[in-house]
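K.L.:
Have a look; sequence and predicted model below, questions after that.
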Amino acid sequence: MYPVSSQKRSWTFANEGQLMDFRVEQNSKYIESHEEEAQGLDLKEHFLTPAEERLLLKQYEIYLFDFCRRFDPPMPKCVVGTAFHYFKRFYLNNTPMDYHPKEILATCVFVACKVEEFNVSINQFVNNIKGDRNKATDIVLSNELLLIGQLNYYLTIHNPFRPIEGLLIDIKTRSNMQHPERLRPHIDSFIDSTFYSDACLLHTPSQIALAAVLHAASREQENLDSYVTDLLFVSAREKLPGLIDAVRKIRIMVKQYQQPDRDKVKAIEKKLDKCRNQANNPDSELYKERLRRLYTDEDDMPAEDASFHIADVSSDTSAMNISQ
Amino acid sequence: MDDQACPRCKTTKYRNPSLKLMVNVCGHTLCESCVDLLFLKGSGACPECMVPLRRNNFRVQLFEDPMVEKEVDIRRRILRDYNKREEDFASLAEYNDYLEEIEDIVYNLCNNIEIIETNKRIEAYKRDNREVIQRNKTRVGRDEYALEEMLELEKVQEEARRKELEELENEHKKKKARDKQALIEELMYSGKDAAQIVTEFAEKAEKQREEEKQLPPPKPANEFSTGIKFGQTADPSLLPVPKSEEGPLFVYEPLVALSEGPAMPPTSEIVSRGYIAHIRAETSQENAGGFTSALACERALQEALQGLYYTATAGVLSGT
């Protein structure tokens, strides 16, 4: 039940400005604590700006979608939706400079597979990843607990897929529209593009579903407005403006989406390699040093390291090559 | 068991089914007929170990192993003198030492180790503790005493019960005789029809018998034969079962489904209004699990309608 879910209580936000505030805050917090690493350079030159972070994450959302689409065995849609939710939620409270998105991406998909009861073993899972599979296994497993913790252990995700089915059933039953099934391809592509937007952090799954259905109807030169006004909202006309506003916002969000510029993203990635938190970089000396410390005195392990998996790290840098 | 044989005449249980093996203090067996033969005079030497034995010390062998027989015998003899109790000692350790000593002596005698030495020890003990031994012999053990008391009590009760029954019987007999007398007198002196009087009395007797039957059976016994009382709630030794504290009673509150959206069609209408026609029918496996297509249909509709009224102002202000 969505109205009593943690998704509504803790993970649905008022507006995009609120989301932006979270991201800026995380960004400045990271810069503050790693200021000395800039070594005299301009802070803006050395660290990623919030806008750059957004661009980077957008690119990784595309990678995430591709990874899910190519996943073998083919995964159900709800796993993709859940993985997107996790990815967005994680980077609301963290910055990509702290945790590299390519590592979190795989972990999100892995946790989503588990939560949505799509049974894949870790071996099967890493077979979909190019590059060093042992290392990928270590990274996914070591980040799993971190991710779940950052999600505040709220793992249930309400995706718009079931509401879509419900709306289609309702339309077939109550409205006089011809062949509602022809809406499906449009609905699917619309939902896929909502994944790239922040719609799922701002609106309820049923609103997203309704927006998708209305969008598909307009594509098919159909008009479902009478269905919405005369059947759905017949007993609550005063609520109609709110819904219209929400649907409009969702559609604008999807329409306004632009694919990030490849060259820009490449530049950002280069920048990220310099400014990322070396303690969380499996290829860095700092990381190896920390592991060595963990191995030698596990007893007085600091608390924040508890979720940190002890991984056998090879020097191969091509691990987790999901993107290429 | 099959080759239980007398060591002297070699008779076996197979050849003589009534063979009875006897054993004496030395622990060597002989069959009954050999005992009769050898100990005609009442005493003689054991044919195996030449220990002088008395005929009336022969007992029927109870255990297969004659050594066990021997040990039982020795133990009985030793314990006749070593009859101290725990109360006779200052501490448990002393009592344990004493028991240890008994075991030592029994073991020595059984296995023929330092027989003379051990016997001397026993003699010395007897001399030193003559008084205690004598006293303990005369003293009836507390346990035995308690048991005797219980038996006595039981006997008394038995007697009382018997008397009561007897009295009842007598009463009954007397009453019967009285009734008979009354009948005869009635027949003699009243002018009524004899047959009528007889039936009247028969009816009366019948009624009385009926009443007697309805009388409660004799007071049920409220004690076991051991004297422990049962069935009495006032028994102070048994605490009443503690009453469990109960909180306020559960009050059912019907579940309120928060919808924040248009009202659901009622469950009954899912089928009647044709919603169900647009969802695949459940398989037999799903139906076995209790899942029907109406449930799935209802869930999809519910999720479609829930949250449609949501507006951004109702959104949360903090993410975590």
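P.N.:
That came through fine.
K.L.:
can you pull the buried residues of stretch A:137-149?
P.N.:
Of the residues in stretch A:137-149, A:137-140, A:142-144, A:146-148 count as buried by neighbour count, 16 or more other Cβ atoms under 10 Å in any protein chain shown. The C-beta positions use only the backbone N, C-alpha and C, and glycine is treated the same way.
K.L.:
so who does residue B:292 touch?
P.N.:
Going by Cβ atoms under 8 Å, 6 or more residues apart in numbering or on different chains, residue B:292 touches B:282, B:286.
K.L.:
got a pLDDT number for it?
P.N.:
Per-residue confidence at residue B:292 stands at 88 (pLDDT).
K.L.:
any idea how far it lies from chain A?
P.N.:
In this view, residue B:292 and chain A are 15 Å apart by Cβ to the nearest Cβ, to the nearest Å.
K.L.:
measure that residue to residue B:306 for me?
P.N.:
21 Å (Cβ to Cβ, to the nearest Å).
K.L.:
what does the helix ranked longest in chain A contact?
P.N.:
Taking DSSP state H as the criterion, chain A has its longest helix at helix A:50-70. The contact list for helix A:50-70, computed with Cβ under 8 Å, 6+ apart, reads A:20, A:23-24, A:27, A:48, A:75, A:79-80, A:83-84, A:87, A:91, A:95-97, A:101-102, A:105-106, A:108-109, A:128, A:192, A:195-196, A:259-261, A:264-265, A:268-269, A:271-272, A:322-323.
K.L.:
Hmm, residue B:80 and residue B:126 touching each other?
P.N.:
No. Between residue B:126 and residue B:80 there is no contact under Cβ atoms under 8 Å: 10.2 Å.
K.L.:
Give the next helix or strand downstream of the longest helix of chain A.
P.N.:
helix A:77-90 (DSSP states H and E).
K.L.:
where does residue 186 land on pLDDT?
P.N.:
Reading this off chain A. pLDDT, residue A:186: 94.
K.L.:
um, chain B though
P.N.:
Here the pLDDT value assigned to residue B:186 is 83.
K.L.:
Then residue B:231?
P.N.:
Confidence score, pLDDT, at residue B:231: 51.
K.L.:
and the stretch 51-200 of chain A, which of its residues are near chain B?
P.N.:
Residues of the stretch 51-200 of chain A lying near chain B by Cβ under 8 Å from any Cβ of the partner chain: A:92-93, A:152, A:158, A:162-170, A:172-173.
K.L.:
The same query, at a cut-off of 6 Å, please.
P.N.:
A:92, A:152, A:162-163, A:165-167, A:169, A:172-173 (Cβ under 6 Å from any Cβ of the partner chain).
K.L.:
any chance of the buried residues of stretch A:137-149 in CSV, plus secondary structure and pLDDT?
P.N.:
Shown next, in CSV, are those (DSSP: H, G, I helix; E, B strand; the rest coil; pLDDT from 0 to 100):
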residue, secondary structure, pLDDT
A:137, helix, 92
A:138, helix, 90
A:139, helix, 90
A:140, helix, 92
A:142, helix, 90
A:143, helix, 92
A:144, helix, 93
A:146, helix, 93
A:147, helix, 94
A:148, helix, 94
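K.L.:
which among these gets closest to residue A:33?
P.N.:
When the buried residues of stretch A:137-149 are compared for distance to residue A:33 (Cβ to Cβ), residue A:146 wins out at 17.7 Å.
K.L.:
Buried subset of the contacts of helix A:50-70 as a ChimeraX selection?
P.N.:
Selection of buried members from the contacts of helix A:50-70 for ChimeraX, criterion 16+ other Cβ under 10 Å:
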select /A:23,27,48,75,79,80,83,84,87,91,95,96,97,101,102,105,106,108,109,128,192,195,196,260,265,268,269,271,272,322,323
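K.L.:
So which of the contacts of helix A:50-70 sit within helices?
P.N.:
Judged by DSSP H, the contacts of helix A:50-70 include A:20, A:23-24, A:27, A:79-80, A:83-84, A:87, A:101-102, A:105-106, A:108-109, A:192, A:195, A:264-265, A:268-269, A:271-272 as members of helices.
K.L.:
buried sites along stretch B:290-301?
P.N.:
Using 16+ other Cβ under 10 Å as the test for burial, stretch B:290-301 gives B:292-294, B:296-298, B:300-301.
K.L.:
Grab the nearest non-local neighbour of the closest residue to chain A within chain B.
P.N.:
Closest contact between chain B and chain A, by Cβ to the nearest Cβ, is at residue B:304 (2.8 Å). Take residue B:304 and drop its neighbours on the chain: the residue closest to it by Cβ to Cβ, 6 or more residues apart in numbering or on different chains is residue A:166, 2.8 Å away.
K.L.:
next one: residue A:137
P.N.:
Spatial nearest neighbour of residue A:137, excluding adjacent residues (Cβ to Cβ, 6+ apart): residue A:126 at 5.2 Å.
K.L.:
Now for the one you found: which residues touch it?
P.N.:
When contacts are counted by Cβ atoms under 6 Å, 6 or more residues apart in numbering or on different chains, residue A:126 is found next to A:133, A:136-137.
K.L.:
Next, give phi and psi for it.
P.N.:
Residue A:126 has phi and psi values of phi -70, psi -20 when expressed as degrees, to the nearest 10.
K.L.:
do the same with residue B:29
P.N.:
Per-residue torsions, residue B:29: phi -90, psi 150 (degrees, to the nearest 10).
K.L.:
Distance-wise, check it relative to residue B:295.
P.N.:
85 Å.
K.L.:
can you list the domains in the chain?
P.N.:
Picked chain A for this. Domain assignment for chain A by automatic domain parsing gives A:2-150, A:161-256.
K.L.:
let's do chain B instead
P.N.:
Chain B breaks down into these domains under automatic domain parsing: B:21-138, B:163-214, B:267-308.
K.L.:
Just say which of those is most tucked in.
P.N.:
Sort these by mean neighbour count, taking mean count of other Cβ atoms under 10 Å in any protein chain shown, and domain B:267-308 sits at the top with a mean of 17.
K.L.:
what's the distance between it and the middle of its chain?
P.N.:
Centre-to-centre, domain B:267-308 and its host chain are 61 Å apart (Cα atoms, centre = their mean, to the nearest Å).
K.L.:
For it, measure first residue to last.
P.N.:
The first and final residues of domain B:267-308 sit 20 Å from each other (Cα to Cα, to the nearest Å).
K.L.:
for stretch A:33-48, same thing?
P.N.:
Termini of stretch A:33-48 sit 14 Å apart (Cα to Cα).
K.L.:
Please enumerate residues in contact with it?
P.N.:
By Cβ under 6 Å, 6+ apart, stretch A:33-48 touches A:31, A:97, A:275.
K.L.:
ditto for stretch A:215-227
P.N.:
Residues outside stretch A:215-227 that contact it (Cβ under 6 Å, 6+ apart): A:175, A:183, A:186-187, A:190, A:214, A:251.
K.L.:
One more pass at 7 Å, please.
P.N.:
For stretch A:215-227, the surrounding residues in contact (Cβ atoms under 7 Å, 6 or more residues apart in numbering or on different chains) are A:171, A:175, A:177, A:182-183, A:186-187, A:190, A:213-214, A:251.
K.L.:
Can you select the buried ones from those residues in PyMOL?
P.N.:
Buried members of these, defined by 16+ other Cβ under 10 Å, are picked up in PyMOL with:
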select buried, chain A and resi 171+175+177+183+186+187+190+213+214+251
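K.L.:
out of the contacts of stretch A:215-227, what pair is the most spread apart?
P.N.:
Using Cβ to Cβ, the contacts of stretch A:215-227 span at most 20.4 Å, a distance reached by A:175 and A:251.
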